[in-house]
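Participant: Here is a sequence together with a model predicted from it:
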Amino acid sequence: MNRIYMTKLITALKRFNHYGYDQEDYDISRYKMLCQAYDKCVLFTNVFHIIMGVFSVLSCFRLIRIEMLPEYLGFFTILSMIRVYYHFCHDTSARHYAGVCRLSISLLLFFGLIESLSDLRVVATAMLALFIVTATVFADSMLTYIVLCFVNVGLLIASSRMFKSEFLAMGDTINAITFGVVAVAIHYIVQRERLEYHVTSAQLQKLREEQLESELSVIKASNDAKSLFLSKMSHEIRTPINAILGMNEMIIREYDDEQLNEYTANIQSSGETLLTIVNDILDFSKIEAKKMEIIPVRYELSTLINDIVTMIKVRAQKKDIEIIVNVSPEIPNYLYGDDIRIKQCILNILTNAVKYTDRGSVTLEVNGKKTSEDEVYIRFRSIDTGIGMKKEDLQKLYSPFERIEENRNRTIEGTGLGMNIVKNLLALMDATLEVSSVYGKGTTAEFEIRQVIVKDIPIGDFTETYKENLRNKDVKHTSFISPQGRILVIDDNSLNLTVITGLLKETRLQVDTASSGLEGIKKVCETEYDCVFVDHLMPHMDGIETLQKMRESEDNRNKSIPYIALTANAINGAREEYLSAGFDDYLSKPINIDLLEKMLIRYLPADKVILPGDEGFTESLSTPKKLQGFKSEDSGSEQPQLVGNLNSLKGIELKAALDNTGSTELLRTVITEYRDHIPENAERIETFFKEQNWNDFTISVHALKSTSRVIGALELSEMCQKLETAGKEQDTDTINSLTAPMLELYRSYVENLSFPEELEGQNTGETESIEKTKDLSDVLTRTRSFLEDYDYDSAESVLKELDDSELTEDIKEKLQNIKEALSNLDAEIGIEIIDSIL
């Protein structure tokens, strides 16, 4: 049987060689196959030895008479049992010990050194074998395997000696040696495969860990890139929204035209919708990055509900859906909590209700349960008669970017983020959204939130409060005036400066502006201000660095006043960043006039703020006027000559210019300033180009890109955009090919942006100075407007336009009196003199 199984071992070895040891892709099945072959070899040998042992035992007890079975075989049974133990328990030491003992005793018997297994030298030999095994096990050397492989050689040689058969001795010796050689090979191969298996396993484990670390780093980099993108997107998208809503607010405040009001209302609605979408994406990003903040403040519950109902009714009216509001009159009105986030949650829930309701009503219920004198649980519940949801779709309600029954509701707009944001916001406020729905009948969504009571004054009859608010809705008034107040606004975007200046026009507040951090630092060292607004993202020196240098400057005359950050970057803990950087507060863009005025009332000195009802408070003296260049249905007048001239200019789009400035009056001011700076700006860009100073070149064309877009020079703005990109990438081929045409077009605007009266004066060659410069009536009218706003610097600047004019002595004397009134800061006297001339 040894020969039979030896053939199987050789076959296994050949199969291994067929696979090839150096195969690049490690095949674990090879290792398992060889281990199984070796284990079967060991098992067979053990069984064979046990059988021999059994015969030996039976012979000892005279149960069978086989004279040639030695007493040796009984002891061999014990050794075989140890081998069986190893086979089942994989005890390497037991296997080695058994093998060495077998060889040692076989050799002692063969050489006749012992006659009986009861000899004490057997015990000594076993002890010596144990020592050798211990040494070789710890050394883990090939000696152990060689010893074990030739165990059978010693066994069979000893057996041949005892059987006294030369033929058997020769045959079994050859068999034993052959078997031993094969066993050595198998031992060695199996051990080598076992080693490679463990090494490969370790390598695979290490590779998996490295791959996991790599994947984690990729995921982190991806999240960082996404956060950076959203941060940039926040600024880039919210900034133009700021311009749109800000200019629209200016038009609403300054002009009174029925058709225009309809257009401005649509602009306001569309702009706020766009802003809502952007805010949803940014909120989702902040929640995902765990940067969302809950900022509790004192607020009035009636105001919060009023704002919600006003906003949701606009959407409901478009679908002819009734909005029903039931508010418990006993709820405390003055609370402490994050009213903005609560409002956001309720609006998202009600917006969903309106979206998925085609007919019927949407009901908002507000109830309260006081748990102590200073704590109340407010429950908000939305009930609609819409399409409802199936039970299996309820969980999808919170999945981002997923909408229920997409095919059925494909016409419904939205990002699919609203309810996910609600769920996470409520979790931050220790509340839970509960939703129940009946398919085809409607949905109920509600949550209960704990709020601190500031004043235990009931909200009362909300219906009457809401009606009163509606009656006062269209009454436009200025919330304060501050003729003696003065602020500084620092922003590299001139359009933002125009917007904030225009929004504050009715407050009579003196607004100084700076287009860079360096200019802002210079101004705070020269002039005393009551408050400074600083834009965050500016070239050369950003808002935080500008503030730090202002604080450190010994010449700063405004170290103790409030500094407020202006930012369109509403992501990733903006509040903490600005407050930790030293700002007193921050105002998010797009700028909301109400929030801006509230902030100014808070931070301006109290003695410089005049509120409605205070002595000296008067509304604006200006009256609403028609927008120049805007053609109403009842107006057949053509656009003024200024509009016609602009519309005919190369590369100028009038509609875009008016959209950016809001009126031809403001557009004229912006274009004049733009035109006057063309020579020096063009020369500076050309110098940077010749010196190959690509950093300053890129910054300059970036600024020109923005200002050109404001005046509607879109072709020039697009060329500057390409040059800006090329400058960042140092693409000299594009820079070399585009710079000359861009400068040529830019310089052409010196002539193209001249106004009609200027061109007419140049072409006709008329000598009268008044016709060459400005019309006297126009100059005095604009001067009077600045005096009404107590803007003495601007009034003086406009009045200087008449210095070289040929005027009568009487007019010159009155102009001198106006200048003296300006020097004495006496606006009333100056206005009286202007009125006498006009």
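Facilitator: Yep, it's here. Numbering: from 1, shown residues only.

Participant: surely Pro483 meets Arg508?
Facilitator: Yes. Pro483 lies in contact with Arg508 (Cβ atoms under 8 Å); the separation is 4.7 Å. All C-beta spots, glycine's among them, are computed from the backbone N, C-alpha and C.

Participant: So between the two, which is more surrounded?
Facilitator: A side-by-side neighbour count of Pro483 and Arg508, using other Cβ atoms under 10 Å, places Arg508 first with 22 against 14.

Participant: Could you measure from that one over to Tyr529?
Facilitator: 16 Å (Cβ to Cβ, to the nearest Å).

Participant: Equivalent analysis for Glu715, please.
Facilitator: From Glu715 to Tyr529 the distance is 39 Å (Cβ to Cβ).

Participant: And these two? Which one has more around it.
Facilitator: A direct count of neighbours by other Cβ under 10 Å for Glu715 and Tyr529 places Tyr529 higher, at 19 against 15.

Participant: Correct me if wrong, but the more buried one is in a helix.
Facilitator: No. Under DSSP: H, G, I helix; E, B strand; the rest coil, Tyr529 sits outside any helix and is assigned coil.

Participant: Next one: it from Ile323, what distance?
Facilitator: In terms of Cβ to Cβ, Tyr529 sits 46 Å off from Ile323.

Participant: On the three-state scheme, the nearest residue to Asp320 once chain neighbours are set aside is what?
Facilitator: Leaving aside its chain neighbours, Asp320 sits nearest to Arg359 (7.5 Å; criterion: Cβ to Cβ, 6 or more residues apart in numbering). What three-state DSSP gives for Arg359 is coil.

Participant: what are the phi and psi values for Arg359?
Facilitator: phi -150, psi 160 (degrees, to the nearest 10).

Participant: Asp384 is in contact with that one, correct?
Facilitator: No. The pair Arg359 / Asp384 is not scored as a contact, 10.6 Å apart, by Cβ under 8 Å.

Participant: the more surrounded of the two?
Facilitator: For Arg359 versus Asp384, neighbours defined as other Cβ under 10 Å are more numerous around Asp384 (25 against 10).

Participant: Tell me if I'm right that the more buried one and Thr363 touch.
Facilitator: Yes. Asp384 sits in contact with Thr363 when judged by Cβ under 8 Å, with a separation of 7.4 Å.

Participant: Contact partners for the nearest residue to Ala581 once chain neighbours are set aside?
Facilitator: Leaving aside its chain neighbours, Ala581 sits nearest to Ile544 (4.6 Å; criterion: Cβ to Cβ, 6+ apart). The contact partners of Ile544, by Cβ atoms under 8 Å, 6 or more residues apart in numbering, come to His536, Glu577, Tyr578, Ala581, Gly582.

Participant: Reformat the residues you listed as a markdown table; add distance to Asp826, neighbour count and secondary structure.
Facilitator: Below are those laid out as a markdown table (distance: Cβ to Cβ, whole Å; neighbours: other Cβ atoms under 10 Å; DSSP: H, G, I helix; E, B strand; the rest coil):
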| residue | distance to Asp826 | neighbour count | secondary structure |
| --- | --- | --- | --- |
| His536 | 40 | 23 | coil |
| Glu577 | 45 | 16 | helix |
| Tyr578 | 40 | 24 | helix |
| Ala581 | 42 | 16 | helix |
| Gly582 | 39 | 13 | coil |
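
Participant: which one in the residues you listed is the model shakiest on?
Facilitator: In terms of pLDDT, Glu577 ranks lowest among those, with 75.

Participant: Could you look up the SS state of Glu293?
Facilitator: Per three-state DSSP, Glu293 ends up coil.

Participant: Repeat that for Met538.
Facilitator: Applying three-state DSSP: Met538 is coil.

Participant: Tell me the spacing between it and Ala445.
Facilitator: Taking Cβ to Cβ, one finds Met538 at 44 Å from Ala445.

Participant: quick one: which of those two has more around it?
Facilitator: Using other Cβ under 10 Å as the criterion, Met538 and Ala445 rank with Ala445 on top: 24 against 21.

Participant: Checking my notes, the more buried one in a helix, right?
Facilitator: No. Ala445 is assigned strand when assessed by three-state DSSP, not a helix.

Participant: Test my guess that it contacts Ala353.
Facilitator: Yes. Using Cβ under 8 Å, Ala445 makes contact with Ala353 at a distance of 7.5 Å.

Participant: Give the residues shared as contacts by the two.
Facilitator: With Cβ under 8 Å, 6+ apart, Ala445 and Ala353 have common neighbours Ser382.

Participant: how far away is the closest residue to Asp584 other than its chain neighbours from Ile593?
Facilitator: Distances taken as Cβ to Cβ, 6+ apart place Pro562 nearest to Asp584, at 4.2 Å, with adjacent residues excluded. Taking Cβ to Cβ as the measure, Pro562 falls 19 Å from Ile593.

Participant: Compare neighbour counts for those two and give me the winner.
Facilitator: Ile593 (22 against 19).

Participant: Assign a three-state SS to the closest residue to Glu446 other than its chain neighbours, would you?
Facilitator: Distances taken as Cβ to Cβ, 6+ apart put Arg381 closest to Glu446, at 3.9 Å, once the chain neighbours are dropped. Arg381 carries the three-state label strand when classified by three-state DSSP.

Participant: How many residues are close by Arg381?
Facilitator: Per other Cβ under 10 Å, the neighbour tally for Arg381 reads 17.

Participant: tell me the contacts of it?
Facilitator: So Arg381 contacts Thr363, Leu364, Glu365, Val366, Asn367, Thr444, Ala445, Glu446 (Cβ under 8 Å, 6+ apart).

Participant: partner residues bridging the fourth one?
Facilitator: Residues in a beta bridge with Val366, per DSSP bridges, are Val327, Phe380.

Participant: Any idea how many residues pack against it?
Facilitator: Counted with other Cβ under 10 Å, Val366 comes out at 20.

Participant: got the buried residues for the helix or strand that Ile601 is a member of?
Facilitator: Take DSSP states H and E as the rule and Ile601 turns out to sit in helix 593-603. Of all the residues in helix 593-603, those buried under the rule 16 or more other Cβ atoms under 10 Å are Ile593, Leu596, Glu597, Met599, Leu600, Tyr603.

Participant: Tell me the one of the residues you listed nearest Leu822?
Facilitator: Of all those, Leu822 sits closest to Leu600, with 25.6 Å by Cβ to Cβ.

Participant: which ones are touching that closest one?
Facilitator: Phe480, Ser482, Gly485, Ile487, Leu504, Thr507, Leu509, Cys531, Val609.

Participant: Using a markdown table, lay out those together with pLDDT, neighbour count and secondary structure.
Facilitator: Shown next, in a markdown table, are these (pLDDT from 0 to 100; neighbours: other Cβ atoms under 10 Å; DSSP: H, G, I helix; E, B strand; the rest coil):
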| residue | pLDDT | neighbour count | secondary structure |
| --- | --- | --- | --- |
| Phe480 | 85 | 21 | coil |
| Ser482 | 89 | 22 | coil |
| Gly485 | 92 | 24 | coil |
| Ile487 | 95 | 23 | strand |
| Leu504 | 83 | 22 | coil |
| Thr507 | 85 | 25 | helix |
| Leu509 | 91 | 26 | coil |
| Cys531 | 96 | 23 | strand |
| Val609 | 88 | 22 | coil |
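
Participant: Quickly name whichever of these is closest to Ile305.
Facilitator: Minimum distance to Ile305 across the contacts of Leu600 is 26.1 Å, recorded for Phe480 (Cβ to Cβ).

Participant: Do I have it right that that closest one meets Met599?
Facilitator: No. Here Phe480 does not reach Met599: they are 11.3 Å apart, not a contact under Cβ under 8 Å.
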